[in-house]
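> Got a sequence here, can you build the structure:
(one chain, ligands or ions: 2)
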Amino acid sequence: MNGTGQSISDSWNERMRLIRLRRKKEKSRFREELKIVPRWLMVLVIVLYLAAQAIGLLVNLSGAANNGELWPTDLKDHPVFASLALAGIITAVAMVLAAYLLLLGYVYRDAQRRGMHAGLWTLLVVILSAAYLLVGFVIYFLVREPLPYPCPQCGNSVGARFNFCPNCKCNLHPSCAQCKREIAETDKFCPYCGNDLKVAA
Ligand SMILES: [Zn+2]
Ligand SMILES: [Zn+2]
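Ligands and ions are numbered 1, 2, ... in the order given. Model (predicted):
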């Protein structure tokens, strides 16, 4: 591999390591994550679902009144069951579509709060999902930037890539004095060499 390729793969490894390290500290709960989906999108999804149900029911019943065919045709003599079957099918399709729309809304907001190009990422996910279904989402979740987090010393919000807090100069990537590897600010002992970090501090 030539020099450029090597340095690209080095910076990629460095990036993935940083992402893994920070993500381990992100305690994300599913319910908390759901909250970042825009409220208007949730309302829109519900409105679209109700509209689809109403249109499906009306079209089916008016079709039955005009030419006597009720769908599904197996149930054409039982309008109530036929309508329920149709409603069930619409619900199943709507759940898939709703999950897709809400995920897109999540990607947009999540990219925004992580300081990524929200519009670009959402577009990329849409384009990829046209051909490869959920691949766009998978790529997004693999490479997304770590969340900003509060400085352990002063609580100021700091970017995941910062080495020092811009507010209090706290070292955000402390390393073990003995083996020089990166450790978490909460570690009491170095997870690599067992050095007592309290003594060093
Ligand atoms: Zn600070
Ligand atoms: Zn160590």
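> Show me which residues of the chain sit near ligand 1.
Residues of the chain found near ligand 1 (C-beta under 5 Å from the ion) are 151, 153-154, 156, 165, 167-168, 170. Every C-beta, even on glycine, is put in place using the N, C-alpha and C of the backbone.
> Going by neighbour count, which residues of stretch 81-92 are buried?
By neighbour count with 16 or more other C-beta atoms under 10 Å, stretch 81-92 contains the buried residues 82-83, 85-86, 90.
> Can you tell me which of those residues is nearest ligand 2?
Proximity to ligand 2 was ranked across the buried residues of stretch 81-92 by C-beta to the ion; first place goes to Ile90, at 59.5 Å.
> so what's the closest one up against?
Contacts for Ile90 (C-beta atoms under 8 Å, 6 or more residues apart in numbering) come out as 49, 52-53, 56.
> run the last query once more with 6 Å
By C-beta atoms under 6 Å, 6 or more residues apart in numbering, the residues touching Ile90 are 52-53, 56.
> Tell me the first helix or strand C-terminal of the helix or strand where it lies.
Secondary structure assignment for Ile90, by DSSP states H and E: helix 79-113. Proceeding N to C from helix 79-113, the next assigned helix or strand is helix 118-132, under DSSP H and E.
> the helices in this structure, which residues?
With DSSP state H applied, the chain shows helices at 3-25, 30-34, 39-67, 79-113, 118-132, 135-143, 197-200, listed in chain order.
> Cool, thanks, signing off.
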